[in-house]
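**Student:** Task: produce atomic coordinates for the following.
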Amino acid sequence: MTRAISIWALAAALGLMAAAPVTPEPFYRATGEHERSYLLKPAGEIRPYRLYVPTSWKPGMHLPLVVALHGAGSDQDRLFQGTPRHPGVLQQEAEAHGYIVVAPLGDKEISADIAYGNTLHAPWSDDVAPSAEDARRNALSEADVLAVLDRTVAEYGVDKRRIYLMGNSMGEIGALWLAQERPRAFCAIALAGGPLKASEYPFARTRYLSGAMIINGDRDLDALEPNRAMADGFKAAGVDAQFYIVPFTDHGAALFHATPQAFDFFDKHRCGG
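**Tutor:** Sure thing, here's the model as predicted:
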């Protein structure tokens, strides 16, 4: 795995963020697994992200892209790590299916209910308005996702008709927000463990989606019925929705166990011809 992050950490430590260069040339359009960083201008901060590009990619190819959003208290590395039972499953499936995968940082310290730009309510939300600082960081976490998406599309010539969202826990909340906030930006979604309140979710804004796979571990009881309601809401809106229960699995592991099925689901949903 190549590492392109040390130069950014040094620049940040020296207060030179505004002058930080783009990703060093040796890593530009490289295949395999990478730790990347860039300057998020609205924040004035160096932000890391994680990237996997299939070894089959060559300039001129237009591969599909999965944007993977991590859960609360975690970071851009989490979904790439996998579990002891499924180490590196995200990269393995990306290579096997021919997908680029990118995982932004977003934010790992603000409330799980409001990350990645979300302003909708989760089923367990206490409906307390976020502080001004949390609202600022929330907006920046969404800006980070979109900036990383744009960078990856531009660098690797991604097929814009086949951009997918994957998210776990807080990442599901963020992906559900982005799916309705950016109509027609994404082809399909595969999410686990962090539903929004289905009775308040604007499913009409997601009718453009080709598919929605809602994943839940059978031991993740708090999210089980709310996620079932999310799947039912997508079906009622005319989206090809699947509610997929992973047996003997808890909140944190369900998405990793179902990653192969998620990529199979994406393969069946090819948007724009």
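**Student:** low pLDDT regions in the stretch 1-150 of the chain?
**Tutor:** Within the stretch 1-150 of the chain, the set of residues satisfying pLDDT under 70 comprises 1-25.
**Student:** Which parts of it are strands?
**Tutor:** 2-3, 32-40, 45-53, 65-69, 100-104 (DSSP state E, counting those that start in this stretch).
**Student:** give the contact list for T206.
**Tutor:** 179-180, 183, 212, 234, 237, 239 (CB atoms under 8 Å, 6 or more residues apart in numbering). The C-beta positions use only the backbone N, C-alpha and C, and glycine is treated the same way.
**Student:** go with 6 Å
**Tutor:** Contact partners of T206, counting by CB atoms under 6 Å, 6 or more residues apart in numbering, are 179-180.
**Student:** got the phi/psi numbers for it?
**Tutor:** Dihedral pair for T206: phi -110, psi 10, per degrees, to the nearest 10.
**Student:** could you measure it against A190, distance?
**Tutor:** T206 is 14 Å from A190, where distance means CB to CB, to the nearest Å.
**Student:** re earlier: any idea which of the strands of the stretch 1-150 of the chain gets closest to N227?
**Tutor:** Of all the strands of the stretch 1-150 of the chain, strand 65-69 sits nearest to N227, with 15.8 Å by CB to CB.
**Student:** just checking, what packs against that closest one?
**Tutor:** strand 100-104, strand 163-168, helix 170-181 (3 or more CB pairs under 6 Å, 6 or more residues apart in numbering; DSSP states H and E).
**Student:** I'd say Y164 and A185 touch.
**Tutor:** No. Using CB atoms under 6 Å as the test, Y164 is too far from A185 to be in contact (10.5 Å).
**Student:** Which one's more surrounded, those two?
**Tutor:** Counted by other CB atoms under 10 Å, Y164 and A185 do not tie: Y164 has more neighbours, with 27 against 15.
**Student:** which residues does that one bridge with?
**Tutor:** Taking DSSP bridges as the rule, Y164 bridges to V66.
**Student:** now the helices and strands packed on strand 65-69 in TSV, with distance to Q92?
**Tutor:** As requested, those are exported to TSV (distance: least, CB to CB, whole Å):
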stretch	distance to Q92
strand 100-104	11
strand 163-168	14
helix 170-181	19
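**Student:** And those: which comes nearest E142?
**Tutor:** Per CB to CB, nearest to E142 of those: helix 170-181, 7.3 Å.
**Student:** strands paired with the following helix or strand past that closest one, and their directions?
**Tutor:** Counting by DSSP states H and E, the element after helix 170-181 in chain order, helix or strand, is strand 188-192. If you go by DSSP bridges, strand 188-192 pairs up with strand 163-168 (parallel), strand 211-217 (parallel).
**Student:** Export the ones you listed to a markdown table and append columns for distance to G98.
**Tutor:** Shown next, in a markdown table, are the strands paired with strand 188-192 (distance: least, CB to CB, whole Å):
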| stretch | distance to G98 |
| --- | --- |
| strand 163-168 | 13 |
| strand 211-217 | 18 |
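**Student:** out of these, nearest to L255?
**Tutor:** Across the strands paired with strand 188-192, closest to L255 is strand 163-168 (CB to CB), at 4.3 Å.
**Student:** which residues sit against the closest one?
**Tutor:** Contacts of strand 163-168 (CB under 6 Å, 6+ apart): 65-69, 71, 174-175, 186-193, 255, 266.
**Student:** Now with 7 Å, please.
**Tutor:** 64-71, 79, 174-175, 178-179, 185-193, 255, 262, 266 (CB atoms under 7 Å, 6 or more residues apart in numbering).
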